[in-house]
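Trainee: no FASTA, just this:
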């Protein structure tokens, strides 16, 4: 029972620590002190070290030689590579999703878009609704491997987007971009939906680069 309890605690610490890294609560480059994290999460040092080692394997944490851990740094080069990879991969995943999507997929996408468009970007629930919209777009892709890869890249991008959340995105109508993507997807128009989605990511990337430059 004690071993199961420790495993459960390690899983919970991993989940909370991962979420804090992705949301920017623990910013890129921050020193991750085991004792401080253990106190914050109400756990012992062992589950925290286990979670940090696992997150290092995911690329969200860096292990420092004999000096503990830190949150992985955020660089323009890494982010640019991430955006390129996401655009390339999601071109395939979205095309497959549009080809395979059924009525249930259409309804789920309409609902996800409705939940997103009724919120202001400043609302606390917007980020969750935004993730749900992008997940719904790709949900009908029959390849679970491709879907999982796309989700991993989306989460990695989320860590960067957290740096730019306070930027107002001047001159950009994000809601209109989402509406255009949804309309093209529901029409099964891959030739229009894919460029719109890629342009959406590249538009966000410009503001993230601005935020990264301000940090340097």
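Mentor: Sure thing, it's come through. All values reported here derive from a predicted model rather than from experimental measurement.

Trainee: Output the below-cut-off pLDDT ranges for the protein.
Mentor: In the predicted model of the chain, residues 1-7, 165-170, 216 satisfy pLDDT under 70.

Trainee: can you map out the strands along it?
Mentor: 31-32, 61-64, 68-71 (DSSP state E).

Trainee: Tell me which residues are up against stretch 133-140.
Mentor: Residues outside stretch 133-140 that contact it (CB atoms under 8 Å, 6 or more residues apart in numbering): 90, 93-94, 96-98, 100-102, 105, 108-109, 111-113, 115-116, 147, 150-151, 154, 178, 181-182, 185, 197. Placement of C-beta: from N, CA and C, glycine included.

Trainee: Repeat the analysis, applying 7 Å as the threshold.
Mentor: 90, 93-94, 97, 100-101, 105, 108-109, 112-113, 116, 147, 150, 154, 178, 185 (CB atoms under 7 Å, 6 or more residues apart in numbering).

Trainee: Quick check: closest non-adjacent residue to residue 153.
Mentor: residue 86 (4.6 Å; CB to CB, 6 or more residues apart in numbering).

Trainee: these two touch, right, residue 69 and residue 32?
Mentor: Yes - the criterion here is CB atoms under 7 Å, and residue 69 meets it with residue 32 at 4.3 Å.

Trainee: Now the common contact residues for the two.
Mentor: By CB under 7 Å, 6+ apart, the residues touching both residue 69 and residue 32 are 52, 61.

Trainee: so what's the residue nearest to residue 153 up against?
Mentor: Listed by CB under 7 Å, 6+ apart, the contact partners of residue 86 are 153, 157, 201.

Trainee: And for residue 116?
Mentor: 129-130, 133, 178.

Trainee: Noted, bye for now.
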